[in-house]
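Colleague: Build the 3D model from these lines:
(3 chains)
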Amino acid sequence: VTIDERLAELGIVLPATTAPVANYVSTRRSGNLLYVSGHVSRRAGAVVSGRVGDDIDTKTAYELARLAALDILGTVHAALGSLDDVTLIKITGFVNSAPGFTEQPAVINGASDLFVQLLGAERGAHARSAIGVAQLPLGAAVEVEAILEVGSGTATNR
Amino acid sequence: VTIDERLAELGIVLPATTAPVANYVSTRRSGNLLYVSGHVSRRAGAVVSGRVGDDIDTKTAYELARLAALDILGTVHAALGSLDDVTLIKITGFVNSAPGFTEQPAVINGASDLFVQLLGAERGAHARSAIGVAQLPLGAAVEVEAILEVGSGTATNR
Amino acid sequence: VTIDERLAELGIVLPATTAPVANYVSTRRSGNLLYVSGHVSRRAGAVVSGRVGDDIDTKTAYELARLAALDILGTVHAALGSLDDVTLIKITGFVNSAPGFTEQPAVINGASDLFVQLLGAERGAHARSAIGVAQLPLGAAVEVEAILEVGSGTATNR
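Modeller: Numbering: from 1, shown residues only, chains lettered A, B, ... in the order given. Sure, this is the predicted structure:
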């Protein structure tokens, strides 16, 4: 089963992605490592802004992290033409957090769950940090960045 | 002298580590690089929460960063079975910071000092960023993530 | 044209850099990847502190991000003796942000623009994340860290 077939089975359409309008790029590769720029929470291309724990609740933020992960996969698919050769290595999830909000892991689970659902337990496994930040670009509620391995898939958990 | 012997000399027992209860893993390796997930400040397994510069002072936070680093080494030891083949490359230290608190480097020194003490000046040397954040998972005072090199130890400082 | 020649043409003198006064190093290399520690905003060596969106405006912060990028290149030049063999891979830009400030990308453009101006469109291209944080070391307005590739320059954007 290819990832494209799995996406079709799940009824998921990868979002169209747009190149940054600044002097950086969406993906940059050194050797087998593909660095993916921070992707902020969007719905249908529009940034979803707000402070989690204040005007956005944990369940909604989980969904926004899932959408950011989907955007990352859309970006990688556009760059490589397929998701069949990628293995996830590391993600960092930044949550625009109200002062007392401490459920960043529950939010970033939205990204982790999506990655494992689509790439599978082996290729989707990843190290992770979840962080609560004061603010994000355009007031976004969530931002996720990723490092993937392209190619032979020699990544392991140890 | 093995790292286990050095730990014994210093009277340090690496903490037991637990696997994340979510869709991510503690360590993920691509080639020689081992990415270690963010580890929050804990004592005897329990998260130590608080805002540094407010209810936690710099000296206590230094100690918490040291404990997070020790947890990281416990995780890596559990994954690889030994610390004799690892070289530190980079750490990022996130400090749950009161608005006016600017001593993040002094806090993260607790991690840096521990790594160099245990791994030695050559294998323990590392690049670093220290950041003050609005909030951390479970309200933790400190979170540290790391990238290590496994194997031949060809890392250098230039 | 070497990077040193381009610097001379542009009338840019790379700042002198100083080694960290703690147990970490400015640059750490594993294989072809060179990790550069977080560099805070400085003018003539002195940290420029302040909160962007409050006592520092976006335009000034853009300039501070540019200076941090220049400091990074000064550090890399000092480590390697030249900038002719480096290719940029990834930067993370942390902006000390007032609660309502959401123009982190416009600030970090100061670093991205400098890197592309000096290294060129191919070697200067990079993935990026821009984050708004509660506080930075010494109260700095901006902090930038980087990952570069040293050597054959096989980095690509996909």
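Colleague: Quick check on the residue of chain A most remote from its centre: phi, psi?
Modeller: Computed with C-alpha atoms, centre = their mean, the residue of chain A farthest from its C-alpha average is residue A:100, at 24.4 Å. When read as degrees, to the nearest 10, the backbone of residue A:100 gives phi -100, psi 10.
Colleague: Just confirm it contacts residue A:51, I think it does.
Modeller: No: the criterion here is C-beta atoms under 8 Å, and residue A:100 misses it with residue A:51 at 11.1 Å. Backbone N, C-alpha and C define where each C-beta goes, glycine included.
Colleague: most residues in a single helix of chain A, which one?
Modeller: helix A:58-80 (DSSP state H).
Colleague: quick one: average confidence on that helix?
Modeller: In this model, helix A:58-80 has a mean pLDDT of 97.
Colleague: helix or strand right after it?
Modeller: Sequence-wise, the next helix or strand downstream of helix A:58-80 (DSSP states H and E) is strand A:86-96.
Colleague: Can that next one be said to contact chain C?
Modeller: Yes: Strand A:86-96 reaches chain C (C-beta under 8 Å from any C-beta of the partner chain) through A:92, A:94.
Colleague: Any idea how far the helix or strand that comes right after that strand is from the middle of the chain?
Modeller: Going down the chain from strand A:86-96, the next helix or strand is helix A:104-124, by DSSP H and E. Remark: helix A:104-124 is offset 9 Å from the chain centroid, using C-alpha atoms, centre = their mean, to the nearest Å.
Colleague: I'd like to know how many residues surround residue A:137.
Modeller: Residue A:137 has 24 neighbouring residues, counting by other C-beta atoms under 10 Å in any protein chain shown.
Colleague: how close does residue A:145 sit to chain B?
Modeller: Taking C-beta to the nearest C-beta, to the nearest Å as the measure, residue A:145 falls 12 Å from chain B.
Colleague: Put the alpha carbons of stretch A:104-116 into CSV.
Modeller: The C-alpha trace of stretch A:104-116 is given here as CSV (Å, rounded to 0.1, in the frame of the first residue of the first chain):
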residue,chain,number,x,y,z
GLN,A,104,1.1,21.1,25.2
PRO,A,105,1.7,17.3,24.8
ALA,A,106,-2.0,16.6,24.3
VAL,A,107,-2.1,19.3,21.6
ILE,A,108,1.0,18.1,19.7
ASN,A,109,-0.4,14.5,19.9
GLY,A,110,-2.6,15.7,17.0
ALA,A,111,0.5,15.9,14.8
SER,A,112,2.1,12.7,16.2
ASP,A,113,-1.1,10.7,15.7
LEU,A,114,-1.5,11.9,12.1
PHE,A,115,2.1,11.0,11.2
VAL,A,116,1.9,7.5,12.7
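Colleague: mind listing what's buried in that stretch?
Modeller: Residues A:104-116 are the ones in stretch A:104-116 that count as buried (16 or more other C-beta atoms under 10 Å in any protein chain shown).
Colleague: sorry, back to before: could you pull out the buried residues of the longest helix of chain A?
Modeller: A:58, A:60-80.
Colleague: got it, and stretch A:89-103?
Modeller: For stretch A:89-103, by 16+ other C-beta under 10 Å, it's A:89-98, A:101-103.
Colleague: Could you identify the most distant pair in these?
Modeller: Farthest apart among these by C-beta to C-beta are A:89 and A:98. That separation is 30.5 Å.
Colleague: Quick check: closest non-adjacent residue to the most centrally placed residue in chain A.
Modeller: By C-alpha atoms, centre = their mean, chain A has its centre lying nearest to residue A:69, at 2.5 Å. Distance criterion C-beta to C-beta, 6 or more residues apart in numbering or on different chains; nearest residue to residue A:69, sequence neighbours excluded, is residue A:111 at 3.8 Å.
Colleague: And for residue A:71?
Modeller: Spatially, and ignoring its direct neighbours in sequence, residue A:71 is nearest to residue A:39 (4.6 Å; C-beta to C-beta, 6+ apart).
Colleague: How much space separates the one you found from residue B:131?
Modeller: According to C-beta to C-beta, to the nearest Å, residue A:39 stands 20 Å off from residue B:131.
Colleague: Up against chain C, what does chain A have?
Modeller: Within chain A, the positions near chain C by C-beta under 8 Å from any C-beta are A:20, A:22-31, A:33-38, A:49, A:79-80, A:92, A:94, A:133-139, A:143, A:145.
Colleague: Return the member of the buried residues of stretch A:89-103 nearest to chain C.
Modeller: Nearest to chain C among those is residue A:94, at 5.6 Å by C-beta to the nearest C-beta.
Colleague: Show me what the residue nearest to the closest one when sequence neighbours are not counted bridges to in the sheet.
Modeller: Leaving aside its sequence neighbours, residue A:94 sits nearest to residue A:143 (C-beta to C-beta, 6+ apart; 4.4 Å). Beta-bridge pairing for residue A:143 (DSSP bridges): residue A:40, residue A:94.
Colleague: And residue A:143, how close does it get to residue A:29?
Modeller: Applying C-beta to C-beta to residue A:143 and residue A:29 gives a distance of 21 Å.
Colleague: same thing with residue A:21?
Modeller: Applying C-beta to C-beta, the value for residue A:21 to residue A:29 is 21 Å.
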